[in-house]
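Asker: generate coordinates for the sequence data below:
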Amino acid sequence: MHDAAMTYDGDKSSTRRVLLGTIAAAHGIRGEVMLRTYTSDPEAIAAYGRLSDKTGKQTFKIKSVRATPKGVIARIDGVNDRNRAEALRGTDLYVGRERLPETDAQEYYHADLIGLEARDSAGAVIGEIVSVANFGAGDLLEIRKSGTKQTEYVAFSAANVPQINIAAGHLVVVMPDLVGEEEPKAAEEPEVEDEPPA
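Answerer: Model (predicted):
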């Protein structure tokens, strides 16, 4: 599995967008910015053409990037001084989901999983996938249980998530208290692809 890097913007009413990076700070006096990128190759963020802010109303064209030990330093078209760069601090940079490469079978972008309805094996609704996290031991689906604000993590494995139907908007989840003590030996972990190839 890949790092949890791309996240769905959460607005189901609009075109799905994926968060590629954030303008973290101004850099120097000539309008460069420091980017926090969420792509596997930090410099690949420049390969997507125009990116938009969270509202989709403001767009940004990254003219150049260079990786440094502290992060990615970028020059954005039209940003030529520190004041303009400072004004962009904290701006998230999104790309439309349709601009990402298609995944192989058993590969999913986090953006495709977030928002799916979680159901049990009988088809009853458990809740909704609200995030995909990784604390070092593999990807976890965070499920917000129906009718509550309570969430619970479930390991993203074939034993716990035996069926995924992106088109239908749901997946089947075996909640932890229902999982047997031993996972089937033949079970394979679904692969999550969080960023396209650079």
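
Asker: which ones are touching residue 99?
Answerer: Taking CB atoms under 8 Å, 6 or more residues apart in numbering as the criterion, residue 99 is in contact with 48, 49. (Each C-beta comes from the backbone N, C-alpha and C, glycine too.)

Asker: make it 6 Å
Answerer: The contact partners of residue 99, by CB atoms under 6 Å, 6 or more residues apart in numbering, come to none.

Asker: need phi/psi at it.
Answerer: For residue 99, the backbone dihedrals (degrees, to the nearest 10) come out as phi -90, psi 0.

Asker: okay, it and residue 121: tell me how far apart.
Answerer: Between residue 99 and residue 121 the distance is 35 Å, computed by CB to CB, to the nearest Å.

Asker: try residue 87
Answerer: Using CB to CB, we find residue 87 at a distance of 51 Å from residue 121.

Asker: after the longest helix anywhere in the chain, next one along is what?
Answerer: Longest helix of the chain, by residue count under DSSP state H: helix 82-87. Toward the C-terminus, helix 82-87 is succeeded by strand 92-96 as the next helix or strand (DSSP states H and E).

Asker: would you mind measuring from the nearest residue to residue 85 once chain neighbours are set aside to residue 33?
Answerer: Nearest-residue entry for residue 85: residue 26, 3.7 Å, with adjacent residues in sequence omitted and distances by CB to CB, 6 or more residues apart in numbering. As judged by CB to CB, residue 26 and residue 33 stand 6 Å apart.
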